[in-house]
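1. Curious how this folds, go ahead:
(one chain, ligands or ions: 2)
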Amino acid sequence: MSNTTQTNPNAEAASENEQTTVVGETSEELKAEWVDYQFEGDPKFAVEDLNVWYGDDHALHDISMDIPENSVTALIGPSGCGKSTFLRCLNRMNDRIKVASVDGSVRFDGREIYQDGVDLVELRKRVGQVFQSPNPFPKSIRKNISYGPRKHGDVNTGLLARLTGRDDSEKEDELVERSLKQAALWDEVKDRLDDNAIGLSGGQQQRLCIARALATDPEVILMDEPASALDPVATSKIEDLIVELSEDYTVVVVTHNMQQAARISDQTAVFLTGGYLVEYDDTDKIFENPESQRVEDYITGKFG
Ligand SMILES: Nc1ncnc2c1ncn2[C@@H]1O[C@H](COP(=O)(O)OP(=O)(O)OP(=O)(O)O)[C@@H](O)[C@H]1O
Ligand SMILES: [Mg+2]
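-> Ligands and ions are numbered 1, 2, ... in the order given. The predicted structure is shown next:
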């Protein structure tokens, strides 16, 4: 990834450019106040004039938004509008995509993450993530949970640790139990912690991935369509879990399911075609009385 220098036109100026729209979508002038979401307290993330390109393809345009802590922020919008791209900017996962370049500022707890010298391992420990399809390691349930803390040196187990008297097996047991309880999976797996995680159902695997993300003690959990591959019962469990987690964690979740966004989130950001953030506000406001006609058309299913 390279940082590209370029001037960042503001939202109004951006709208003067030709914007691509999808079938059924009308073009309208974007207003800066539609994305100026006010809340109490310091933002967990303060994103300013964020632009992302994949080669020459400009995927995100001048995104500025503040994300409050200990709440659920939903990112919605039609396919290809840049939701996953935006999410990946919050823990610099786009760094792993060769053709991606990022310009702008993302401050996490007031500290710029797009600057030299940022410890990416530490950043991704504090800002964990869960993907669309459950991706447990082909290892035991226990090892799936303890892998991260072991990698970060927070837990030592095994022969060497035993021989050197630094064995943290008890600590590992506690961590496994705590993380699985937090992810509402403990009761279902407590008698088979040494079974391979691949043998769990899809919904259980996804909760295991959430437990794995929680095991490294993050402050933020990024979730990219975490329930899209699950049945309604498993989805409902994940939704309840997200709401519960938001008491102690900052959750940012991408979803294509409007009802889900309305049910679980405190604030909603609507991205639309071309990689523009069009409106960002309290979830009730977005779903009941949005400012933008395009947002209204999108959430009432007229396009997308
Ligand atoms: N690794 C990549 N290389 C090149 N282009 C990419 C890459 N990832 C995303 N893009 C492009 O960036 C734009 C935004 O993609 P992104 O995946 O962020 O959208 P999205 O809103 O998450 O879509 P979906 O709802 O389908 O997941 C798209 O035009 C996409 O083709
Ligand atoms: Mg996506």
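2. When you work out contacts or count neighbours from here on, use the C-alpha atoms and nothing else.
-> Will do.
3. And Thr85, its phi and psi?
-> phi -60, psi -50 (degrees, to the nearest 10).
4. so what's it scoring on pLDDT?
-> On the pLDDT scale, Thr85 is placed at 97.
5. Thr73 too?
-> 98.
6. Equivalent analysis for Ile198, please.
-> Looking at Ile198, its pLDDT reads 97.
7. Going forward, the N-terminal residue is numbered 53.
-> Will do, 53 is the new start, and the previous item becomes Ile250.
8. mind listing what it touches?
-> With contact set as Cα atoms under 8 Å, 6 or more residues apart in numbering, Ile250 has these partners: 188-191, 257.
9. residue ranges with poor pLDDT in this protein?
-> 53-76, 78, 211, 214, 356 (pLDDT under 70).
10. Close to ligand 1: what parts of it are there?
-> Taking Cα under 6 Å from any ligand atom as the contact definition, the chain meets ligand 1 at 106, 111, 130-137, 149.
11. Apply 5 Å and report the result again.
-> Contact residues (Cα under 5 Å from any ligand atom) of the chain with ligand 1: 106, 111, 131-137.
12. quick one: which of the residues you listed is nearest Ser123?
-> Checking those against Ser123 by Cα to Cα gives Lys135 as the nearest, at 18.2 Å.
13. neighbours of that closest one, just the number please.
-> 27 (other Cα atoms under 10 Å).
14. go on, the one 10 residues further on?
-> When neighbours are counted by other Cα under 10 Å, Met145 registers 15.
15. now swap in Glu224 and tell me
-> Applying other Cα under 10 Å, we find 21 residues neighbouring Glu224.
16. next structured bit after the helix or strand harbouring it?
-> Here Glu224 is covered by helix 221-234, with elements defined by DSSP states H and E. Next along the chain after helix 221-234, taking DSSP H and E as the criterion, comes helix 238-241.
17. who touches the helix or strand hosting Leu260?
-> Following DSSP H and E, one finds Leu260 within helix 254-267. For helix 254-267, contacts defined as Cα under 8 Å, 6+ apart pick out 180-182, 185-188, 193, 196-198, 200-201, 227-228, 231-232, 234-237, 249-250, 273, 278, 281-283, 286-287, 290.
18. Just the buried subset of these, please.
-> Listed as buried from these are 180-182, 185-186, 188, 193, 196-198, 200-201, 227-228, 231-232, 234-237, 249-250, 273, 278, 282, 286-287, 290; burial here means 16 or more other Cα atoms under 10 Å.
19. Which ones among those residues map onto helices?
-> Among the buried ones among the contacts of helix 254-267, the residues falling in helices (DSSP state H) are 193, 196-198, 200-201, 227-228, 231-232, 234, 286-287, 290.
20. for the stretch 253-356 of the chain, what spans make up the strands?
-> 272-276, 302-306, 319-324, 328-334 (DSSP state E, counting those that start in this stretch).
21. Show me the one of those that comes nearest Phe355.
-> That would be strand 319-324 among the strands of the stretch 253-356 of the chain, by Cα to Cα, at 10.6 Å.
22. Run through the neighbouring helices and strands of the closest one.
-> If you count contacts as 3 or more Cα pairs under 8 Å, 6 or more residues apart in numbering; DSSP states H and E, strand 319-324 packs onto strand 124-128, strand 328-334, helix 335-340.
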